[in-house]
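> build me a model from this:
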Amino acid sequence: MRTNQFFEWLTGIKSMLAKGMLLLCLVCGAQTAMAQASENNAVAQQLNINVDECVKCTGKIGPYQVTLYVNPHSSAGEWTGYYFYNQAPKSVFKLKMVKNEGNPNGFNKMTLWEYTKKGKHTGTFQGVFEGRGDGFNGTFTNSKKQQFRFELVQQY
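Model prediction:
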């Protein structure tokens, strides 16, 4: 009889530990998300971009994972957002709207120029932003004239 009580006690301890670990993971995940949001707002503020007007997209430029914030309602000549490569989140590129041609179906043909923090034009995004919330897709050309397909999905 004592053996059964011991195993019941041990099972109860395991269950409490598992619940505690789950709670710890949830709390740490929420803190990480809050820290990332705070960092994104700080970057946007440094670049003089209103992140509240931006749409967050994640995906790839060629084989590289990226996160991009863009205001699809910007006019030509306006600073419209920024992006970074996920493996190097501190290296941020500012985006300027060059062309934004909307149509009644909600698809915007957009051209964005990429700039370094020092103001050097280093790349060009040419693509379609789908107003239904699907994302931003097209071709990215870097400063060496290499072209990469980009596919970015809007995050909610």
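
> any chance you could map the helices in this structure?
All helices of the chain, identified by DSSP state H, fall at 2-46.

> where do the strands sit along it?
Ranges of strands in the chain, per DSSP state E, are 55-61, 64-70, 79-85, 92-101, 107-115, 121-130, 135-142, 147-154.

> the fourth one packs against which elements?
Meaning strand 92-101. If you count contacts as 3 or more C-beta pairs under 8 Å, 6 or more residues apart in numbering; DSSP states H and E, strand 92-101 packs onto strand 79-85, strand 107-115, strand 121-130. Any C-beta I mention is one placed from the backbone N, CA and C, and that applies to glycine too.

> now it - C-alpha only, PDB.
Taking C-alpha atoms only, strand 92-101 is exported to PDB below (Å, rounded to 0.1, in the frame of the first residue of the first chain):
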ATOM      1  CA  VAL A  92      18.300  47.700 -39.900                       C
ATOM      2  CA  PHE A  93      17.600  49.100 -43.400                       C
ATOM      3  CA  LYS A  94      15.300  52.000 -43.900                       C
ATOM      4  CA  LEU A  95      12.800  52.000 -46.800                       C
ATOM      5  CA  LYS A  96      11.700  54.900 -49.000                       C
ATOM      6  CA  MET A  97       8.600  54.700 -51.200                       C
ATOM      7  CA  VAL A  98       9.600  55.400 -54.800                       C
ATOM      8  CA  LYS A  99       6.400  54.300 -56.500                       C
ATOM      9  CA  ASN A 100       3.000  53.200 -55.200                       C
ATOM     10  CA  GLU A 101       0.300  52.500 -57.800                       C
END
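
> check which strands are paired with that strand and give the direction for each one.
strand 79-85 (antiparallel), strand 107-115 (antiparallel) (DSSP bridges).

> could you list the domains of the protein?
Following automatic domain parsing, the chain resolves into domains at 1-46, 50-154.
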